[in-house]
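Asker: need a structure here:
(2 chains)
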Amino acid sequence: MALPPLNSPQWQSPWRAFAWGLRSITQTILTIVLFVTYLGIGALAHDTHFSLLWALCSTLFVWAGPAQIILITTLGSGATVIQSAIAVTVSAIRLFPMVVSVLPLMRTPTTKRRELVFAAHLTAVTLWVECHRFLPQVPRERRIAFVHGLGCGLVSVCLTANAVGYFLAANLTQTLGAAILLLTPLSFLFSTARNSREVADVVALALGILLYPLAAKMNSGLDILVSGLIAGTIAYGVHWWREVRA
Amino acid sequence: MSYAQLIGDWHALAVLFVAGVVPNQIWRMLGLWFGGGIDEGSELLVWVRAVATAILAGVIAQIVVEPPGALASVPDVLRYGSVGAGLVVFLLTRRSIFAGVVAGEVFMLAGKWWLG
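Answerer: Residues are numbered from 1 along each chain as shown, chains lettered A, B, ... in the order given. Next comes the predicted model:
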């Protein structure tokens, strides 16, 4: 499926643009990766004694894989609401630069901020990646509708995966349950690595993984924030150094 | 499947909003509110993006190093080996996410079977 050319009359209706966004979920391997990841989240919710409705609400209203996994894992292991909230908010900081970098792609001089609220809610790593890929092929005044379609399609896929994973976990052996949980780190690692185009991204990813076990030894409760800040700043240093030399 | 498994109680849903939805959504809304004035290619944004990537990397490491639920039944060496095997295949297949995930899973299941 190829998107219509930018000057095609197909783009005149916002509903058609929404439909093109919806159909675009079939054009990316990341849809399968998301399905697999949310299969794991559904299984995790079951294993930690959350209800199916709870799992579906977390996908609808949180809509960020890492935050959902952290929330389920911490609450499931007896953390307080405050401790879980801190861990979730730290993992969600990365949404800030994603929203900041993706919204200008959809904005026109007359766009009001409230028109972008739903697009901001839908923004997560997959949508961020796909926006950079698809939006140059979409006329600017139809991009918000297109993103709404793309996002609604991805959310639907994930809600389905949650339900399937939840039912599977109720019926699988421990080994197969472990296999479903392992899908999460594998799919996140490789999709992030695939999206790393610049050296700074690769350094941030590799150092972030290597520094986490060291930061965890400090047992500060802010392990991920500490390792993330250090690894990210070193990666930025590498980027800066290359820019200066170039 | 019981009512408790399908619906659960309202208290758990309230915790979901306080500990999950609000602390997560706040960053999106801050991005929406303050993002307008920031230049996409600015140095600040390059730094924030690098930190965001490293935080996500930390989450990935955490799940493998301190595994939740059924994954804790897999020995340390086997979990690290699975990620390593998946990474090698991912790189050899010119960054195929699918091949990497399948290789990691096969390594883990084969190791579990071999260890008995």
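Asker: from chain B, how far off is residue A:72?
Answerer: According to Cβ to the nearest Cβ, to the nearest Å, residue A:72 and chain B sit 8 Å apart. The C-beta positions use only the backbone N, C-alpha and C, and glycine is treated the same way.
Asker: what helix or strand does that residue sit in?
Answerer: Using DSSP states H and E, residue A:72 sits in helix A:65-76.
Asker: ok, residue A:237 to chain B distance?
Answerer: 9 Å.
Asker: correction: residue A:171
Answerer: Distance from residue A:171 to chain B, by Cβ to the nearest Cβ: 11 Å.
Asker: what's the local residue count around that residue?
Answerer: By other Cβ atoms under 10 Å in any protein chain shown, the residues close to residue A:171 number 9.
Asker: and it, what pLDDT?
Answerer: What the model reports for residue A:171 is a pLDDT of 82.
Asker: enumerate every residue touching residue 46.
Answerer: Using chain A. Residues near residue A:46 by Cβ atoms under 8 Å, 6 or more residues apart in numbering or on different chains: A:52, A:55, A:165-166, A:169-170, B:5.
Asker: can you look at chain B instead?
Answerer: Applying Cβ under 8 Å, 6+ apart, the residues near residue B:46 are A:200, A:236, A:239.
Asker: what's the average pLDDT for the helix or strand hosting it?
Answerer: Applying DSSP H and E as the criterion places residue B:46 in helix B:43-65. In this model, helix B:43-65 has a mean pLDDT of 82.
Asker: assign residue A:115 to helix, strand or coil.
Answerer: Assigned with DSSP: H, G, I helix; E, B strand; the rest coil, residue A:115 falls in the helix class.
Asker: any idea which element the closest residue to it other than its chain neighbours lies in?
Answerer: Excluding the flanking residues, the one nearest residue A:115 by Cβ to Cβ, 6 or more residues apart in numbering or on different chains is residue A:144, at 6.2 Å. Taking DSSP H and E as the definition, residue A:144 sits inside helix A:143-169.
Asker: now for that helix, which elements pack on it?
Answerer: Under the contact definition 3 or more Cβ pairs under 8 Å, 6 or more residues apart in numbering or on different chains; DSSP states H and E, helix A:143-169 sits against helix A:14-23, helix A:29-47, helix A:52-61, helix A:117-122, helix A:125-134, helix A:174-195.
Asker: angle of the helix holding residue A:72 against helix A:125-134?
Answerer: Relative orientation of helix A:65-76 versus helix A:125-134 (axes from the mean of the first three to the mean of the last three Cα atoms, to 10 degrees): 180 degrees.
Asker: what's near enough to touch residue B:16?
Answerer: For residue B:16, the contact set (Cβ under 8 Å, 6+ apart) comprises A:54, A:57-58, A:61-62, A:71.
Asker: separation between the residue most central in space within chain B and residue A:33?
Answerer: Centre of chain B computed as the mean C-alpha position; nearest residue by Cα atoms, centre = their mean is residue B:60, 4.9 Å away. Using Cβ to Cβ, to the nearest Å, we find residue B:60 at a distance of 14 Å from residue A:33.
Asker: pLDDT below threshold where in chain B?
Answerer: B:36-41 (pLDDT under 70).
Asker: which residue comes closest to residue 7 once chain neighbours are left out?
Answerer: I'll assume chain A. The shortest distance from residue A:7 to any non-neighbouring residue, by Cβ to Cβ, 6+ apart, is to residue A:139 (8.0 Å).
Asker: chain B is the one I meant
Answerer: residue A:53 (5.0 Å).
Asker: I'd guessed that neighbour sits against residue B:5; true?
Answerer: No - if you go by Cβ atoms under 8 Å, residue A:53 and residue B:5 don't touch, sitting 9.3 Å apart.
Asker: what about the helices in chain B?
Answerer: For chain B, the helices defined by DSSP state H occupy B:3-6, B:10-15, B:22-34, B:43-65, B:76-92, B:97-115.
Asker: residues of the last one that come out buried?
Answerer: It stands for helix B:97-115. Across helix B:97-115, burial judged by 16 or more other Cβ atoms under 10 Å in any protein chain shown covers B:97, B:99-101, B:103-105, B:107-109, B:111-112.
Asker: again with the third one
Answerer: Judged by neighbour count (16+ other Cβ under 10 Å), helix B:22-34 contains these buried residues: B:23-28, B:30-32.
Asker: is it positioned near chain A?
Answerer: Yes - Helix B:22-34 is in contact with chain A by Cβ under 8 Å from any Cβ of the partner chain, via B:22-34.
Asker: of those residues, closest to residue A:108?
Answerer: residue B:32 (15.7 Å; Cβ to Cβ).
Asker: so what's that closest one up against?
Answerer: Residue B:32 neighbours (Cβ under 8 Å, 6+ apart): A:99, A:103, A:113, A:116-117, A:120.
Asker: and the residues you listed, which two are the farthest apart?
Answerer: For the contacts of residue B:32, and using Cβ to Cβ, no pair is farther apart than A:99 and A:113, which are 11.9 Å apart.
Asker: ok, the closest residue to residue B:107 other than its chain neighbours - how many residues close by?
Answerer: Setting aside the residues directly before and after it, residue B:107 is nearest to residue B:85 in space (Cβ to Cβ, 6+ apart), at 4.0 Å. Here the number of neighbours of residue B:85 (other Cβ under 10 Å) works out to 19.
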